[in-house]
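Participant: Give me a 3D structure for the following:
(3 chains)
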Amino acid sequence: MPQNDFYERVYYLTRQIPYGRVTSYGAIAKAIGSPKSARVVGYALNASAGNIDIPAHRVVNRNGMLTGKAHFLGSQAMQAQIEAEGISVKNNQVQNLQKYFWQPPVLSLDN
DNA sequence: AAGATGACGAGGG
DNA sequence: TCCCTCGCCATCT
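Facilitator: Below is the predicted model of the structure:
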């Protein structure tokens, strides 16, 4: 099991994203105490691909682009899921991002 | 053990 | 505004 504390934190926060909202890799990285590890957040989510308990489709990059869509089972799965939650996606990008953006809570160090 | 990778993000030209 | 480069850091090879 490669999951260490870092992965668990990423998964925990990702599960907290409300239905119909999205957040970014960087926001999650910052919330878990490693603001420079946005790339690793993506890496962790990649390792969670196929896990229906983790709404990874609600995590996009800072511009609202669906950079992770290629890692889902279907080539349009990510966009379909987001649109199904009431968010419009145009040209691989979430529209009106700031309206749907969800700011994750900062995790205590001993969580 | 050492170098390469990447679902990012910020800055420079 | 678009494009490229660089820094980042847990993992992977």
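Participant: where do the strands sit along chain A?
Facilitator: Assigned strands in chain A, in chain order: A:23-24, A:59-60, A:89-90, A:93-94 (criterion: DSSP state E).
Participant: Point out the most buried one among the ones you listed.
Facilitator: Comparing the strands of chain A by mean neighbour count (mean count of other Cβ atoms under 10 Å), strand A:59-60 ranks first with a mean of 26. Heads up, the C-betas are built off the backbone N, CA and C, glycines and all.
Participant: neighbours of the residue in chain A that DNA strand B sits nearest to, just the number please.
Facilitator: Scanning chain A for proximity to DNA strand B using Cβ to the nearest atom of the strand identifies A:Gly68 as nearest, at 1.8 Å. Here the number of neighbours of A:Gly68 (other Cβ atoms under 10 Å) works out to 18.
Participant: Quick check: it touching A:Val41?
Facilitator: No. A:Gly68 lies out of contact with A:Val41 (Cβ atoms under 8 Å); the separation is 10.5 Å.
Participant: overlap in contacts of these two?
Facilitator: Taking Cβ atoms under 8 Å, 6 or more residues apart in numbering as the contact rule, A:Gly68 and A:Val41 both touch A:Val59.
Participant: ok, the closest residue to A:Pro35 other than its chain neighbours - contacts?
Facilitator: Using Cβ to Cβ, 6 or more residues apart in numbering and skipping residues adjacent in sequence, the residue nearest A:Pro35 is A:Ala29, 5.7 Å away. Shown in contact with A:Ala29 (Cβ under 8 Å, 6+ apart): A:35-38, A:40-41.
Participant: And the pLDDT at A:Ala29?
Facilitator: At A:Ala29, the predicted lDDT confidence score is 97.
Participant: how much space between it and A:Val10?
Facilitator: Separation of A:Ala29 from A:Val10 (Cβ to Cβ, to the nearest Å) stands at 8 Å.
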